[in-house]
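**Q** could you work out the structure for the sequence below:
(chains A and B)
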Protein chains: 2
Amino acid sequence: MGFSLFLVILAGLAAVAYGIYTTRQVLAAPAGNERMQEIAGAIQEGASAYLTRQYTTIAIVGVIATVLLLIFFRGDFVPAVGFVLGAVLSGAAGFIGMLISVRANVRTTEASRHGLQQGLDIAFKAGAVTGMLVAGLALLGLAVYFALLTGPLGFEEESRRVVNGLISLSLGASLISVFARLGGGIFTKGADVGGDLVGKVEAGIPEDDPRNAATIADNVGDNVGDCAGMAADLFETYVVTIAATMVLASIIFVGLPAEEGSLSAVQRFMLYPLAIGGSCILTSIAGTYFVKLGKGSTNVMGALYKGLIVTGGLSIIALLIVTALVVPFGEEFFMPGVGGEGLKTFTGMSLFWCGIIGLAVTGAIVWVTEYYTGTGFRPVKSVAKASESGHGTNVIQGLAVSMEATAIPAIIIIIGIITAFSLAGLYGIAIAVTTMLALAGMIVALDAFGPVTDNAGGIAEMSELEGSVRDTTDALDAVGNTTKAVTKGYAIGSAGLGALVLFAAYAEDLRYFAANPETYPFFEGIVPDYSLINPYVIVGLFFGGLLPFLFGSLAMQAVGRAASAIVEEVRRQFKEKPGIMDRTEKPDYGRAVNLLTGAAIKEMIVPSLLPILGPIVLYFCVGAVAGTGQALAAVGAMLMGVIITGLFLALSMTAGGGAWDNAKKYIEDGHHGGKGSEAHKAAVTGDTVGDPYKDTAGPAVNPMIKITNIVALLLLAYLASLGA
Amino acid sequence: MGFSLFLVILAGLAAVAYGIYTTRQVLAAPAGNERMQEIAGAIQEGASAYLTRQYTTIAIVGVIATVLLLIFFRGDFVPAVGFVLGAVLSGAAGFIGMLISVRANVRTTEASRHGLQQGLDIAFKAGAVTGMLVAGLALLGLAVYFALLTGPLGFEEESRRVVNGLISLSLGASLISVFARLGGGIFTKGADVGGDLVGKVEAGIPEDDPRNAATIADNVGDNVGDCAGMAADLFETYVVTIAATMVLASIIFVGLPAEEGSLSAVQRFMLYPLAIGGSCILTSIAGTYFVKLGKGSTNVMGALYKGLIVTGGLSIIALLIVTALVVPFGEEFFMPGVGGEGLKTFTGMSLFWCGIIGLAVTGAIVWVTEYYTGTGFRPVKSVAKASESGHGTNVIQGLAVSMEATAIPAIIIIIGIITAFSLAGLYGIAIAVTTMLALAGMIVALDAFGPVTDNAGGIAEMSELEGSVRDTTDALDAVGNTTKAVTKGYAIGSAGLGALVLFAAYAEDLRYFAANPETYPFFEGIVPDYSLINPYVIVGLFFGGLLPFLFGSLAMQAVGRAASAIVEEVRRQFKEKPGIMDRTEKPDYGRAVNLLTGAAIKEMIVPSLLPILGPIVLYFCVGAVAGTGQALAAVGAMLMGVIITGLFLALSMTAGGGAWDNAKKYIEDGHHGGKGSEAHKAAVTGDTVGDPYKDTAGPAVNPMIKITNIVALLLLAYLASLGA
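**A** I've put the predicted structure just below:
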């Protein structure tokens, strides 16, 4: 076990090394002229100021949570330390990634003066740093803490304290994630929506015009939302999924005999997800070196996909090797069936195929998202066409597309569940999701590429560089929009499946406690009835179902308020400094950034409390009416309710937002009357609506789903510790 | 049993008698001048033409369905006759209601020349005819068919053939309902959205202007959508809920001993929902006579609520009497617990309280809907305020309100489920919903009042009557908008709860079959596992969850296409007949009506197939992979999935649409710049988006949820008949 874990840790360290090495490469590139650096400096300053304040606020919440964990677990340091570790590493991945991103933007602008390949190179490398840090730090956190707990501290792999440590690590990551997603999302879309309304619509000046006091804030927002926010989101999904898979393994395979001198089944199956993570970090690093334009080609998307495909292909080979080493191919393993009944068998080969299913689901979801958000296909074209008859029909068609876009991903997920389950039961599903997430390094790289190119275009505009530079950055930015949509689809699909693994962990955990009342006296006589004909299960499903709706609504309203505040601020500046419009006076960018910072921090608190308090409130309410057994069943059902409506809402919001965005771009490319036409105005409305949909509410639902599940798991862990 | 059923049938006949008597009163009122009659004639013609074609199409589908039923049930006439009866009565209620409605509109206009009370009187009476026909015919269908089957035909109350008859009756009503809701919704909103876009926005002429070729179609749409569509919807919910309650009673209470000479438990509890329905028809009729303005008062809403409150109050007394007669108060009854385990006891008093819960849920949902869609409260005001910063922010805020509006109704439903269940188990929940629906006559009256007043205003405008008439009809119409929103909230809340009863019937039915394999050999050895930890249950939940999203998307797109077709048609008429604008030429209203008729009929087919084919496809797919037991579990879970996402989608769509509509009205009342301001334009966009949300997709989800459940029940009935 020790040596294998050492190898996993080495893979994690390789990702960090890649990050350091690539960061040096990026920073060594020339940073442009003075004007460019001045603008980039303002963005850096704003982003640092925001993130510092965001993380300070989170730190306060984190300290409170740590103290609560210490109190509830009566001084046990394992949950508290795990929590702090998860939170700090997640914060670090986002913060460092963002620091690179805001330094790479101006260097991308400068490189774009020399050509597309040069611009692509810097921007993608910056994204890759964030990507590898996310995967690397997540894996390191899990592997190192697991190694510490089972090595020097001497806990059994399947012991409660190890499980509690893993769950708390997940909670730390989730807490950062929900705050970062919400706060970042509110900041970025408040700036974007507000800035567009007051600049483009009211004052009639173009996007990224330096006369608009909200421009710097808009660029800051790209970094704190799409870079730091997405990083925290996938860090969390990664940690949570692998941790849940390990917890599941520790319960399902407990007590199976091990041959002398070899690993026990529990050890093998807890190690396996970590090993998959480690090997795929290496394939992701290898893939980054294949992101290059062909000779004379300008197909940026093709270059990015080349890297992704190489990573995917190598991952299949890596998966083969890892499976052969950790779970020998031919050997037959036994596991209890669902709910502890009967025995099922599977082999290493079954698990390998589960991994392939994870990769296939990733590919399929990427493909569907591109269909629904790409300008070349029916959905986006239909939204663009509907813009001809006005704002209303644009929005109607966009909403219709957003709802339609949930169907195929749901069916892909259904097929994934059925096939993985028939191969290797619940653990098979968990391995499919683990493999899906093992590619996170590469996928985050594609996403974090987006804000760098977006900023690069803004800097080119604001520093009034020659038009050809803007053309180059625009070509990069257009691809950035697609990759952002695609990663969102991936993030949500994997989050939905990851949440299912968490739910399975909850159910198995509870079954285990109830089966061992001598150790866990609290669960004496409790037989949770998860059957759909139990009315408390129905109650749980409804209660869980309403949370994503309420959460999404609060997030959208927060963006609306932040945007209104920005509109008023920019209007005020135009009025008080009449010289801004003829460029004799400079707007006060800092005030807009400060204003949004305050708004985002304030607004992120209440919605974040919903998923944290939800399970606890339901537990006590149902418990008071119908007793502990029904309360635990209701909480379990609630988790499923959150997953169902959350998945559909998040899928529809992100796809719809992407479709609106690209319908506007499609019209700007000269269709349906082009820029400035009535259709274009309608499409701008749709884009505005889509902004908080796809960049605030939709993505924030991911961590929200998982935090509900983790809080429920922790509630179980707390109840188990009572009287033990 | 016979005499009690006779009393129930008498109550149903009383509703029909009220309908005939009141129709005469309405038709006796003066029908206005020649111009008014000409316009009303065009609306009558269009509405009849549309409904004739709609029902002809449905009849074709109905004949096919009847033949299929005869084939699948190998010549048994009971399901086929039940199906035809349900379909014909539902169609009759909608058709006759609509015939009165299109004759009452012009009489309301004429009466409004004399005063508000006079206008209110005609319009409400017309609505009440539809309302009483809905409740009366629904009750008659159920009671007469039940009496026939158990009387002259001599089947036992709890026999399969009676159950199959009741389920098929529900299927007939549901089929009409989903077509009528979808077809009517597409027609009315295609006309509304298209007419507004080309008239108000492009040509700059006011609403209901006779120069707009779509105006007559718009008025026709009000009748076929809000009157005939809503009538079919509530007819269906009424029939389905009472039938499901009876089916549940026939399974739960089977075999309980009866005292000599008195009714058996099965007989009592199958009669009880019919008796509640019958008594509440009488209280609804009584309530209609209290709808009157106070002296000198202009509070129309107050007058309507007076009627509703009287009906509610009298219903409590009626419920007491009915319960005392059918289920003596003190007597203790036994029933098996959930899933057939253990015995629970309850008394007549418990059931009485369940009925009160149904009434309380109705009241609470009416109140919440008014909060979210009324101009006096935060949500609508916030949408109006957001309109100041543009189209985009209006839509964002509207979407946020629509999502928020699901939370409290969901919690009300949760509380209703918990309290009713703890009083009298699943049957208690069924009785709560039955009582809720027993008020349908009065509630439909309030709703069907809406299109009459809406039309009355249009006729006043088109026939260029003096402004004071329009003011009076506008006052009536404003209230009509609120009552329409309120009834939609009621329709969805009751549909969601009714669907739960259907789901319970599915589960209990399946348990019963599996427990009696000697009679139902197909179910030999089948133990359906509805537990949430069964992956096929998760698959069913996801598959069910996606159906309302896909269905809603198809409905929205259909409206978009119909509206575009109308825009082109009206544009063409303006171009080909340049005299229309200066009133020297008349537009061709009939073409617009025909065009929409064709579009609505064509577009309603595909979405309607989703809920019909969904359960069958899932049954065969999962069956092929995992066997019949898992397939039946997956189908059960699918029903719950449809209910969950369907309920939230329908709630959010109808509330959001209402909020957008009234935000526009609020601005038109002089807030935020009033009519013609930029805020007003933004609010018009929101209203356009809300139209298909609240009047097509949202309400059509109701029957869609239930049809899925009924098809699943019928699938069980078919499987049970195999080898029997």
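**Q** nearest residue to the closest residue to chain B within the stretch 551-700 of chain A other than its sequence neighbours?
**A** Nearest residue of the stretch 551-700 of chain A to chain B (CB to the nearest CB) works out as A:T688 at 2.9 Å. The way it works is simple: take the backbone N, C-alpha and C, and place the C-beta from them, glycine included. Using CB to CB, 6 or more residues apart in numbering or on different chains and skipping the chain neighbours, the partner closest in space to A:T688 is B:G392 (2.9 Å).
**Q** burial measure for that neighbour, as a count.
**A** 28 (other CB atoms under 10 Å in any protein chain shown).
**Q** tell me the SS of it?
**A** helix (DSSP: H, G, I helix; E, B strand; the rest coil).
**Q** now do the same contact list for it.
**A** A:V193, A:L197, A:V684, A:T685, A:D687, A:T688, A:V689 (CB atoms under 8 Å, 6 or more residues apart in numbering or on different chains).
**Q** low pLDDT regions in the stretch 301-450 of chain A?
**A** Applying pLDDT under 70 to the stretch 301-450 of chain A flags residues A:336-342.
**Q** returning to that earlier point: now, of the contacts of B:G392, which are buried?
**A** Neighbour counting by 16 or more other CB atoms under 10 Å in any protein chain shown classes A:V193, A:L197, A:V684, A:T685, A:D687, A:T688, A:V689 among these as buried.
**Q** next step: those restricted to helices.
**A** A:V193, A:V684, A:T685, A:D687, A:T688, A:V689 (DSSP state H).
**Q** chain B contacts on the stretch 451-600 of chain A?
**A** Counting by CB under 8 Å from any CB of the partner chain, the stretch 451-600 of chain A comes close to chain B at A:500, A:503-504, A:507-508, A:529-539, A:541-543, A:545-546, A:549-550, A:552-554, A:556-557, A:559-560, A:563-564, A:567.
**Q** one more time with 7 Å, if that's ok
**A** A:500, A:504, A:507, A:530-535, A:537-539, A:541-543, A:545-546, A:549-550, A:552-553, A:556-557, A:559-560, A:563-564, A:567 (CB under 7 Å from any CB of the partner chain).
**Q** and these, which are buried?
**A** Buried among those by 16+ other CB under 10 Å: A:500, A:504, A:507, A:530-535, A:537-539, A:541-543, A:545-546, A:549-550, A:552-553, A:556-557, A:559-560, A:563-564, A:567.
**Q** just the ones of those in strands?
**A** Of these, none are assigned to strands by DSSP state E.
**Q** mind checking which of those residues are in helices?
**A** Per DSSP H, those map to helices at A:500, A:504, A:507, A:535, A:537-539, A:541-543, A:545-546, A:549-550, A:552-553, A:556-557, A:559-560, A:563-564, A:567.
**Q** could you measure from the residue of the stretch 101-250 of chain A found nearest chain B over to B:I396?
**A** Of all residues in the stretch 101-250 of chain A, the one sitting closest to chain B is A:L197 (5.4 Å; CB to the nearest CB). Distance, A:L197 to B:I396, by CB to CB, to the nearest Å: 11 Å.
**Q** joint contacts of the two?
**A** When CB atoms under 7 Å, 6 or more residues apart in numbering or on different chains defines a contact, no residue borders A:L197 and B:I396 alike.
**Q** doesn't A:L639 make contact with A:N709?
**A** Yes - counting by CB atoms under 7 Å, A:N709 does reach A:L639; the two are 5.1 Å apart.
**Q** overlap in contacts, the two.
**A** A:F503, A:Y506.
**Q** all strands of the stretch 551-700 of chain A, in order?
**A** Along the stretch 551-700 of chain A, no segments are classed as strands by DSSP state E, counting those that start in this stretch.
**Q** which residue ranges of it form helices?
**A** For the stretch 551-700 of chain A, helices defined by DSSP state H, counting those that start in this stretch occupy the ranges A:589-668, A:678-692, A:698-721.
**Q** one step back: ok, now which ones touch the residue of the stretch 551-700 of chain A closest to chain B?
**A** Counted by CB under 7 Å, 6+ apart, A:T688 has contacts A:V193, A:D196, B:G392.
**Q** how about 8 Å then?
**A** A:V193, A:D196, A:L197, B:G390, B:H391, B:G392, B:T393, B:V395, B:I396.
**Q** report the two of those residues separated the most.
**A** Farthest pair in these (CB to CB) is A:D196 and B:V395. Separation: 14.0 Å.
**Q** please identify which of those two sits among more neighbours.
**A** Each of A:D196 and B:V395 has its neighbours counted (other CB under 10 Å); B:V395 has more, 33 against 24.
**Q** how much space separates the more buried one from A:L7?
**A** From B:V395 to A:L7 the distance is 53 Å (CB to CB).
**Q** tell me how many other residues crowd A:V606.
**A** Quick note: A:V606 (other CB under 10 Å) scores 12 neighbours.
**Q** wait, it touches A:L554, no?
**A** Yes - A:V606 is within contact range of A:L554, at 6.4 Å (criterion: CB atoms under 8 Å).
**Q** okay, buried residues for whichever strand or helix holds A:L319 please.
**A** Assessed by DSSP states H and E, A:L319 sits inside helix A:300-326. Residues of helix A:300-326 classed as buried by neighbour count (16+ other CB under 10 Å): A:300-301, A:303-308, A:310-312, A:314-315, A:318-320, A:322-323, A:326.
**Q** so is the following helix or strand past that helix next to chain B?
**A** The helix or strand immediately downstream of helix A:300-326 is strand A:333-336, counting by DSSP H and E. No - using CB under 8 Å from any CB, we find that strand A:333-336 stays clear of chain B, coming within 11.8 Å at best.
**Q** since that was my last question, I'll sign off now.
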